[in-house]
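Undergrad: task: produce atomic coordinates for the following.
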Amino acid sequence: MFFEPAALSIILSKLKGGKIGNLENVHIEGVFLMIISALTQASLSLAKRFELESLYIFLDDYFLYVIVASYTLLLIAIILNIEKNYMKILFVGVMLNAAVIAANDGNMPVSLTGISGINQESILPEREHDIKHIGVNQQTKLVYLADIILIPRPYPLPQILSIGDLFIMAGVFLFFQKEMESS
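TA: Residues are numbered from 1 along each chain as shown. Next comes the predicted model:
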């Protein structure tokens, strides 16, 4: 999800005279909070993948709280940098994704129809270590914020996105545009 807008933005910025070296000078307040948030979510997936039973017991009782805490850390870091326009866009995207995830007990609903549209009908069972995604069903809340936007083939990286993902992708794109082209 982050690769495409980052790569496109870097290429366009380079064509407009932007410098990758400028990224060394980027200062983001609370970047450690973003790292903790990402590591928290990654460790939850790894715990499931490697069947760490003691962590399963914890997750059964506190999964939603851990996910909400992870998103809270991310949002705090974004708010610390909200004066940057790309952070405002990231904020909207993260809030939209956080809302649908919180409303669905810590899970991001994914359109099963959309999955079959990218020829990966069994994507959810194959990704057993992915503890954050579930199929959309009749109990799903805030479906319009879920992963329901299909980007099918012939696009080389078919995927299903949410409205929040689109905002996050726009924020990533604008980050590279702004920071590579700054003096």
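Undergrad: in this structure, which spans are strands?
TA: 108-110, 133-135, 149-151, 159-161 (DSSP state E).
Undergrad: columns mean pLDDT on top of those strands, output as TSV?
TA: Converted to TSV, the strands of the chain look like this (pLDDT from 0 to 100):
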stretch	mean pLDDT
strand 108-110	91
strand 133-135	83
strand 149-151	88
strand 159-161	88
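Undergrad: minimum distance to Asn85: which of those has it?
TA: Among these, strand 159-161 comes nearest to Asn85, with 21.5 Å by CB to CB. C-beta: built from backbone N, CA, C; applies to glycine.
Undergrad: tell me which strands that closest one pairs with, and in which orientation.
TA: Sheet pairing here is set by DSSP bridges, and for strand 159-161 it gives strand 149-151 (antiparallel).
Undergrad: for the partner strand, buried residues please.
TA: With burial defined by 16 or more other CB atoms under 10 Å, the residues of strand 149-151 counted as buried are Leu150.
Undergrad: kindly report the same for stretch 50-70.
TA: Buried residues in stretch 50-70, counting neighbours by 16+ other CB under 10 Å, are found at 59, 63, 66-67, 70.
Undergrad: returning to what we had before: determine which stretch of the strands of the chain is the most buried.
TA: Of all the strands of the chain, strand 108-110 has the most neighbours on average by mean count of other CB atoms under 10 Å, namely a mean of 23.
Undergrad: list the contacts of it.
TA: Contacts with strand 108-110, where a contact means CB atoms under 8 Å, 6 or more residues apart in numbering, come from 97, 100-101, 123-124, 132-137, 140, 143, 146-148, 160, 162.
Undergrad: okay, the buried residues of stretch 50-70 in TSV with pLDDT next?
TA: What follows is those, written out as TSV (pLDDT from 0 to 100):
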residue	pLDDT
Leu59	69
Phe63	81
Val66	87
Ile67	88
Ser70	93
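Undergrad: Serialize the strands of the chain to JSON lines and add fields for distance to Asn81.
TA: Listed next are the strands of the chain as JSON lines, based on distance: least, CB to CB, whole Å:
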{"stretch": "strand 108-110", "distance to Asn81": "24"}
{"stretch": "strand 133-135", "distance to Asn81": "28"}
{"stretch": "strand 149-151", "distance to Asn81": "27"}
{"stretch": "strand 159-161", "distance to Asn81": "24"}
